[in-house]
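Participant: Okay, predicted coordinates and the sequence, questions at the end:
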Amino acid sequence: MVVYWSNFKIRWFATIKLIYKNQAMKKLANLVFIILLAACNNGKDKTDTTDSLQTVRKIIAEDSSVIFNPTNLAWISNRYDVNHEENWKEPEMPFVHFGANQDFYNDYKSVLYWSPDSSHVLDIGSYGSVIVKDKTGHITLEAGEPDTEIALINPVKKERTRLMFVGPSSEVLSAKWVDKTDAMIVGTFDKTGNGQKDTLIWMIRVDDMFFRLYNIKSE
């Protein structure tokens, strides 16, 4: 089919060249040329779409193997449906200076998740939280804000950027690093407002800020 189409294009371009010699036929030649280009571009769009779909399927398959891995989320089994909601890429994630000292990492350690190589830290709960210490010095965090910020910290460069910001209808439960560049965040979202919360999983590749969102529903 590819060879046939290539030969077809060669013959048409040759025909167009001859037609152009006749000034009276120039309009016809222009029309044929436009139709031929449209056909070429249409074939390219179909190829790009097919490649994109194959890439998405591959990403979903890889993410699903991570989600169903009992070492990552032990409570998820094959009786759950993992629905791919969407994926997107954040082109610009501005980092700001973040000069936190060791006290910050000690006080908020319950909501901080270090990457395997310690190059990044996921912060899923320091925003708006209030530090409460008992008589023995034991620290607990109490929610001071209804909203939740999920941030990425680079402790070496002392920088921080916001990955996501969710309102009171959502709750961030936990996080885990799959490897040194891919992180998984688990939360819930009350989409309808009736108290029946969907379980959401965000997969984030932090080196290029590629996000994938999954909705898990029990059968």
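Facilitator: Noted; the coordinates are in hand.
Participant: Hmm, residue 60 and residue 84 touching each other?
Facilitator: Yes. With contact defined as C-beta atoms under 8 Å, residue 84 reaches residue 60; the gap is 5.0 Å. The C-beta positions use only the backbone N, C-alpha and C, and glycine is treated the same way.
Participant: Now do the shared contacts for those two.
Facilitator: residue 212 (C-beta atoms under 8 Å, 6 or more residues apart in numbering).
Participant: Find me the pLDDT at the closest residue to residue 116 other than its chain neighbours, would you?
Facilitator: Nearest residue to residue 116, sequence neighbours excluded (C-beta to C-beta, 6 or more residues apart in numbering): residue 180, at 5.0 Å. Reading off the confidence values, residue 180 has pLDDT 94.
Participant: quick one, what contacts residue 180?
Facilitator: Residues in contact with residue 180 (C-beta under 8 Å, 6+ apart) are 115-117, 119-120.
Participant: Now for the residues you listed: which two are most distant?
Facilitator: 116 and 120 (9.7 Å; C-beta to C-beta).
Participant: quick one: which of those two has more around it?
Facilitator: Legend: neighbour count by other C-beta atoms under 10 Å for residue 116 and residue 120, higher for residue 120 (20 against 11).
Participant: Buried ones in stretch 117-124, by neighbour count?
Facilitator: For stretch 117-124, a neighbour-count test (16 or more other C-beta atoms under 10 Å) marks 120-124 as buried.
Participant: Save the residues you listed as a markdown table, and put in secondary structure too.
Facilitator: Output for the buried residues of stretch 117-124, formatted as a markdown table (DSSP: H, G, I helix; E, B strand; the rest coil):
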| residue | secondary structure |
| --- | --- |
| 120 | coil |
| 121 | strand |
| 122 | strand |
| 123 | strand |
| 124 | coil |
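Participant: Mind putting those into TSV with distance to residue 215?
Facilitator: Listed next are the buried residues of stretch 117-124 as TSV, based on distance: C-beta to C-beta, whole Å:
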residue	distance to residue 215
120	26
121	27
122	21
123	24
124	19
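Participant: which one among the residues you listed gets closest to residue 169?
Facilitator: In terms of C-beta to C-beta, no member of the buried residues of stretch 117-124 lies closer to residue 169 than residue 124, at 16.6 Å.
Participant: Report the contact partners of the closest one.
Facilitator: 111-113, 148, 150, 172, 174-175, 185.
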